[in-house]
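K.L.:
what would the 3D arrangement of this be:
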Amino acid sequence: MHLRRQRSKRQSFVVDGLDPFDTPTGPDDPRVRPADVRGAVAVQHAVKWRTDGFGVDQLYAPDDLGPVQDGTVLLTVEGGALCSWGMREFLSARSIAPVRILSLLPSATEILFDLGLGDQVVGVTFECDFPPEARNKRIVSTSALPEGLSPAEIDLVVKERMSAGEDLYHLDRGAFSEIAPTMVVTQNLCAVCAIDVSEVDDAMTYLGCRADVVTLDPMTLDEVIDSVMTIGAATNTDERAAEIVAECRERLATIAARLDGVDPRPTLLLEWTDPAFTDGHWVPDMITAAGGRSMMGQPGANSQGASWEAITDCAADVVIVAPCGFRLEGARHLAEEVAARRVLPAGAEVWAVDADAFVVRPGPRVVQGVAVFASILHPDRCGPPNPAHAVRVA
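P.N.:
Here you go, the predicted model:
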């Protein structure tokens, strides 16, 4: 297939079927308009097909979907494939327009902004607070839990709602419909941490939305980093995604070099404090990469509840309190409460960490979280932790 510019009053763009007698001679051919496909995906009902007298299918795009991104045009094709000049690869698609992304996961929002797609993010959740620009986006998902609950009260309400089949998050279907996303990024990892993909599917069916859905469910540190490539592939930002992944790998390698030869320090991490839950998913990998040994966590498995007796007897040298949903000040308060109850291993250092920034959100900043952990566990090699990131309470 090839691309040419139709010279008409509307200045529509035309995609012709394969024609071996009408192939552009090169990128300077007046019929060719190079396509910048970064971030290009479908817009529903934006195109129409017709067949001319010679049986060539042609695609006409409305003018209001015109030039974007430095004067280039983002091209996609309904039910077929488009090969833009200079790309040489085929792109599945449905229309011509920049993607409109709804992010239902704070870590996905961070990744999308890192990929340079912040302008194309049109909706987020109430928890999407990084980068700060994300706060200017339309909030589509909010918590169904009352405010001001203690960890024990949160745990009770969550269990009651899940047992009753009730939602933990509210999805604003009106806002969903108004922003008209062409792509939705969500998760299938934890129904407690963010809105569940099944609720997203139900809302899309109800609204008749045909947006592409990208579902993330990383369980290990490697999978967290690789999720950048998943979003990059879905948004045609593969090159930038590869750069971010390379930066993450390089930083982990630098930390590993600094820690070469150290004895891993026995470490306990609490992801929740009442009741106690120990580290799971990618967090044990973070501890290992930081020169520690997780005493109760299971790499690549869900976080597990633990008795205080088992925690007291786990022989950890260091306890890190990083409760899901808490920034540093909240984590510090909970760490002080737990330390005061004398239920932690005798003589262990007790630290509070900004969990939302560096631990529990599976995005590139968990690599910075590894650096925070390394500073806690091996300050002689890595220097003391930044007090804005972690603070010792006992």
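K.L.:
partners of the helix or strand hosting S141, with directions?
P.N.:
In this structure, S141 is located in strand 138-143 according to DSSP states H and E. Strands adjacent to strand 138-143 in the sheet, as given by DSSP bridges, are strand 121-125 (parallel), strand 169-171 (antiparallel).
K.L.:
in it, what's buried?
P.N.:
Applying a neighbour-count criterion of 16 or more other Cβ atoms under 10 Å, one finds 140-141 buried in strand 138-143. Placement of C-beta: from N, CA and C, glycine included.
K.L.:
how about stretch 271-278?
P.N.:
With burial defined by 16+ other Cβ under 10 Å, the residues of stretch 271-278 counted as buried are 271-274, 276-278.
K.L.:
okay, how far is it across that stretch, tip to tip?
P.N.:
The stretch stretch 271-278 measures 6 Å between its terminal residues, going by Cα to Cα, to the nearest Å.
K.L.:
which parts of the strand or helix carrying G174 are buried?
P.N.:
Using DSSP H and E, G174 maps to helix 173-179. Neighbour counts using 16+ other Cβ under 10 Å place 176, 179 of helix 173-179 among the buried residues.
K.L.:
please apply the same query to stretch 324-338.
P.N.:
Neighbour-count burial for stretch 324-338, with 16+ other Cβ under 10 Å as criterion, is recorded at 324-326, 328, 330-332, 334-335, 338.
K.L.:
stretch 111-127 now?
P.N.:
Buried residues in stretch 111-127, counting neighbours by 16+ other Cβ under 10 Å, are found at 111-115, 117-118, 120-125, 127.
K.L.:
any chance of JSON lines for these, columns pLDDT and distance to G165?
P.N.:
Below are these laid out as JSON lines (pLDDT from 0 to 100; distance: Cβ to Cβ, whole Å):
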{"residue": "I111", "pLDDT": "97", "distance to G165": "31"}
{"residue": "L112", "pLDDT": "97", "distance to G165": "31"}
{"residue": "F113", "pLDDT": "97", "distance to G165": "35"}
{"residue": "D114", "pLDDT": "96", "distance to G165": "36"}
{"residue": "L115", "pLDDT": "95", "distance to G165": "36"}
{"residue": "L117", "pLDDT": "93", "distance to G165": "35"}
{"residue": "G118", "pLDDT": "94", "distance to G165": "36"}
{"residue": "Q120", "pLDDT": "92", "distance to G165": "35"}
{"residue": "V121", "pLDDT": "95", "distance to G165": "31"}
{"residue": "V122", "pLDDT": "94", "distance to G165": "30"}
{"residue": "G123", "pLDDT": "95", "distance to G165": "26"}
{"residue": "V124", "pLDDT": "95", "distance to G165": "26"}
{"residue": "T125", "pLDDT": "93", "distance to G165": "21"}
{"residue": "E127", "pLDDT": "92", "distance to G165": "23"}
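K.L.:
now distance to G148 too, for the residues you listed, in JSON lines please.
P.N.:
Converted to JSON lines, these look like this (distance: Cβ to Cβ, whole Å):
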{"residue": "I111", "distance to G148": "31"}
{"residue": "L112", "distance to G148": "31"}
{"residue": "F113", "distance to G148": "30"}
{"residue": "D114", "distance to G148": "33"}
{"residue": "L115", "distance to G148": "36"}
{"residue": "L117", "distance to G148": "35"}
{"residue": "G118", "distance to G148": "32"}
{"residue": "Q120", "distance to G148": "35"}
{"residue": "V121", "distance to G148": "30"}
{"residue": "V122", "distance to G148": "31"}
{"residue": "G123", "distance to G148": "26"}
{"residue": "V124", "distance to G148": "23"}
{"residue": "T125", "distance to G148": "20"}
{"residue": "E127", "distance to G148": "17"}
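K.L.:
so which of the residues you listed comes closest to T312?
P.N.:
Nearest to T312, judged by Cβ to Cβ, of those is E127 at 32.8 Å.
K.L.:
now the residue most central in space within the chain: which helix or strand?
P.N.:
If you average the C-alpha coordinates of the chain and look for the closest C-alpha using Cα atoms, centre = their mean, you land on A108, 1.9 Å from that point. The secondary structure element spanning A108 is helix 106-114 (assigned by DSSP H and E).
K.L.:
identify the residues contacting that helix?
P.N.:
The list of residues contacting helix 106-114 from outside it, by Cβ atoms under 8 Å, 6 or more residues apart in numbering, reads 101, 103, 118, 120-121, 124-125, 127-131, 133-134, 185-187, 194, 214, 216, 227-228, 231, 235, 240, 244, 356, 361-365.
K.L.:
could you export it as PDB, CA atoms only?
P.N.:
What follows is helix 106-114 as a C-alpha-only set of coordinates in PDB (Å, rounded to 0.1, in the frame of the first residue of the first chain):
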ATOM      1  CA  PRO A 106      -1.000   5.600  38.800                       C
ATOM      2  CA  SER A 107       2.100   3.700  37.600                       C
ATOM      3  CA  ALA A 108       0.700   3.600  34.000                       C
ATOM      4  CA  THR A 109       0.200   7.400  34.200                       C
ATOM      5  CA  GLU A 110       3.800   7.800  35.200                       C
ATOM      6  CA  ILE A 111       5.000   5.600  32.300                       C
ATOM      7  CA  LEU A 112       2.800   7.400  29.800                       C
ATOM      8  CA  PHE A 113       4.200  10.800  30.800                       C
ATOM      9  CA  ASP A 114       7.800   9.400  30.700                       C
END
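K.L.:
so what angle separates the directions of it and strand 121-125?
P.N.:
Using axes from the mean of the first three to the mean of the last three Cα atoms, to 10 degrees, one finds that helix 106-114 and strand 121-125 are set 160 degrees apart in direction.
K.L.:
ok, what's across the strand from the residue nearest to V140 when sequence neighbours are not counted?
P.N.:
Distance criterion Cβ to Cβ, 6 or more residues apart in numbering; nearest residue to V140, sequence neighbours excluded, is G123 at 4.3 Å. According to DSSP bridges, the partner residues bridging G123 are L102, R138.
K.L.:
any chance of the strands paired with strand 138-143 in a markdown table with distance to P345 as columns?
P.N.:
Shown next, in a markdown table, are the strands paired with strand 138-143 (distance: least, Cβ to Cβ, whole Å):
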| stretch | distance to P345 |
| --- | --- |
| strand 121-125 | 36 |
| strand 169-171 | 36 |
